[in-house]
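1. Pasting the sequence and the predicted coordinates here, then a few questions.
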Amino acid sequence: MLFKQQAQLRQKLLVLGSLAIGSVLYLVARVGTLERLQPVCHVEHSLLPAPEQIPLRSLQFKRALLHELRRGNGTKEQLGLQRLVQQLPQAIIIGVRKGGTRALLEMLNLHPAVVKASQEIHFFDNDKNYARGIEWYRSKMPFSFPHQITIEKSPAYFITDEVPERIFKMNSSIKLLIIVREPTTRAVSDYTQVLEGKERKNKTYHKFEKLAIDSSTFEVNTKYKAVRTSIYTKHLERWLKFFPVEQFHIVDGDRLITDPLSELTLVEQFLHLPPRISPFNLYFNATRGFYCLRFNIVFSKCLAGSKGRIHPEVEPSVLTKLQRFFHPFNQKFYQITGRTFTWP
Ligand code: A3P
């Protein structure tokens with residue numbers, strides 16, 4: 001009995017401790033963020049509450065509370081989180097695989113009005129998950145305050161036939177984000193990921209050249225998935241049967257690597273969010289060779305090592321062949337989306 005009481009007391013102290021630490025971090029971050037976060041460009045606020053109504057919450061503060069909630073160390077009411085809800089996403093990063101989907105999601109999560117679903121849910125592309133119904137999907141969503149927007153990413157959505165109609169049925173006015181990279185680089189990145197998986201299992205794998213080029217015709221092998229996924233316009237055209245082009249925003253994945261803030265500002269505008277992601281939130285980490293994320297003065301993080309792999313060297317003639325192959329598809333993609341890239 002005494003032991004149980006002690007355990008309960010310990011648990012209460014733990015919750016109170018987390019709350020106290022969280023509150024201090026929140027205040028520090030709030031003061032810091034208010035000082036630093038200045039609008040960097042004009043955005044349309046009409047669809048949103050005024051910016052100051054969006055609380056600038058510290059990630060740790062939110063995390064500490066949600067952690068306690070998940071561990072069952074208190075109900076939403078006890079933790080003062082009555083207003084938390086699990087919302088269906090108002091925006092989805094539908095692809096493209098290896099375009100920088102994880103970096104985009106994590107960087108958008110820097111915004112105080114954005115909450116991310118950490119895992120890829122694979123609701124719309126997986127028949128078994130889809131059969132579980134929309135409430136199952138909602139149950140996979142993170143807790144958020146009603147004025148925040150929830151975003152999930154599952155890159156397989158972009159290339160899976162059934163997905164556009166299924167998403168349309170859930171929400172015909174949803175906002176769709178597609179992050180693309182130069183198609184040949186993306187195909188090599190895709191190959192590199194599969195290669196690494198094989199190597200981890202001590203399996204051998206073909207060279208990229210063998211997979212990407214048909215050995216009988218010496219033409220590009222359009223049956224190879226890494227090639228097919230990079231024909232962006234083909235996939236986009238399927239989506240356009242359900243959604244108008246205005247509902248899509250194309251993110252330049254190559255620029256997200258070199259100059260993330262400019263891309264994130266465009267996404268904030270597209271989502272009608274007040275500009276809150278600032279230079280403070282992104283810093284270049286020379287060891288990693290990529291930009292990393294700074295949430296506040298105490299908490300920053302880089303993406304996992306599986307993001308930003310070294311690609312194997314590919315025969316230049318094969319790269320050129322692929323670039324020539326993708327060229328007309330790219331032109332069409334520029335035409336449809338109104339976003340032009342300097343791809344070869
Ligand atoms: P590479 O591993 O080919 O370099 P996805 O998340 O869709 O799988 O995309 C992975 C790609 O995100 C990586 O491809 C990497 O280049 C890119 N990326 C963009 N910004 C990044 C960042 N800040 N840190 C690590 N990788 C980033």
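-> Yep, it's here.

2. Mean confidence (pLDDT) on stretch 81-101, please.
-> Mean pLDDT, stretch 81-101: 93.

3. how about low-confidence regions in the protein?
-> Counting by pLDDT under 70, the chain shows low-confidence ranges at 1-67, 70-71, 76, 78-80.

4. What parts of this structure come near the ligand?
-> Within the chain, the positions adjacent to the ligand are 97-103, 155, 189, 192, 256-257, 290-291, 303, 307-309 by C-beta under 6 Å from any ligand atom. Backbone N, C-alpha and C define where each C-beta goes, glycine included.

5. Wait, Pro285 touches Ser300, no?
-> Careful, residue 285 is Asn and not Pro. No: counting by C-beta atoms under 8 Å, Asn285 does not reach Ser300; the two are 9.1 Å apart.

6. Need the overlap of contacts for these two.
-> The overlap between the contact sets of Asn285 and Ser300 (C-beta atoms under 8 Å, 6 or more residues apart in numbering) consists of Cys292.

7. Could you export the helix or strand where Val188 lies as CSV, CA atoms only?
-> Val188 is part of helix 183-200, with elements assigned from DSSP states H and E. Extracted as CSV, the C-alpha positions of helix 183-200 are listed here (Å, rounded to 0.1, in the frame of the first residue of the first chain):
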residue,chain,number,x,y,z
PRO,A,183,14.8,13.5,-62.0
THR,A,184,18.1,11.7,-62.7
THR,A,185,19.6,12.6,-59.3
ARG,A,186,16.3,11.5,-57.7
ALA,A,187,16.5,8.1,-59.5
VAL,A,188,20.1,7.6,-58.3
SER,A,189,19.1,8.5,-54.8
ASP,A,190,16.2,6.0,-55.0
TYR,A,191,18.6,3.3,-56.2
THR,A,192,21.1,4.2,-53.4
GLN,A,193,18.4,3.7,-50.8
VAL,A,194,17.5,0.2,-52.1
LEU,A,195,21.2,-0.7,-52.5
GLU,A,196,21.9,0.2,-48.9
GLY,A,197,19.0,-2.0,-47.8
LYS,A,198,20.4,-5.0,-49.8
GLU,A,199,23.9,-4.4,-48.4
ARG,A,200,22.5,-4.4,-44.9
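
8. got the buried residues for it?
-> Pro183, Thr184, Thr185, Arg186, Ala187, Val188, Ser189, Asp190, Tyr191, Thr192, Leu195 (16 or more other C-beta atoms under 10 Å).

9. any idea how far the second one lies from Glu196?
-> As for Thr184, its distance to Glu196 is 19 Å (criterion: C-beta to C-beta, to the nearest Å).

10. what residue is smack in the middle of the chain?
-> Centroid check for the chain by C-alpha atoms, centre = their mean gives Leu105 as the closest residue, at 2.3 Å.

11. In this structure that one contacts Ile151, no?
-> Yes: using C-beta under 8 Å, Leu105 makes contact with Ile151 at a distance of 6.5 Å.

12. which parts of stretch 237-249 are buried?
-> For stretch 237-249, by 16+ other C-beta under 10 Å, it's Trp239, Phe243, Gln247, Phe248, His249.

13. scratch that, stretch 268-286 is what I was asking about
-> Buried-residue list, stretch 268-286, by 16+ other C-beta under 10 Å: 268-271, 273-278, 280-282.

14. now, which of the buried residues of helix 183-200 sits nearest the ligand?
-> Closest to the ligand out of these is Ser189 (3.1 Å), distances taken as C-beta to the nearest ligand atom.

15. Contacts only, for the spatially closest residue to Ile310 that is not a sequence neighbour.
-> Ranked by C-beta to C-beta, 6 or more residues apart in numbering and with sequence neighbours excluded, the top spatial neighbour of Ile310 is Thr192, at 7.9 Å. When contacts are counted by C-beta under 8 Å, 6+ apart, Thr192 touches Arg309, Ile310, His311, Pro312.

16. what about Thr192, distance to Lys207?
-> 12 Å.

17. Could you double-check that Ile277 lies in contact with His111?
-> Yes: shown here, Ile277 and His111 form a contact pair, counting by C-beta under 8 Å, at 5.5 Å.

18. picking up where we left off before, counting neighbours, which bits of whatever helix or strand comes next after the helix holding Val188 end up buried?
-> Following helix 183-200 in sequence order, the next helix or strand is helix 208-212 (DSSP H and E). By 16+ other C-beta under 10 Å, the buried positions in helix 208-212 come out as Phe208, Leu211, Ala212.

19. May I see those residues organised as CSV, with distance to Gln323 added?
-> Below are the buried residues of helix 208-212 laid out as CSV (distance: C-beta to C-beta, whole Å):
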residue, distance to Gln323
Phe208, 14
Leu211, 17
Ala212, 12
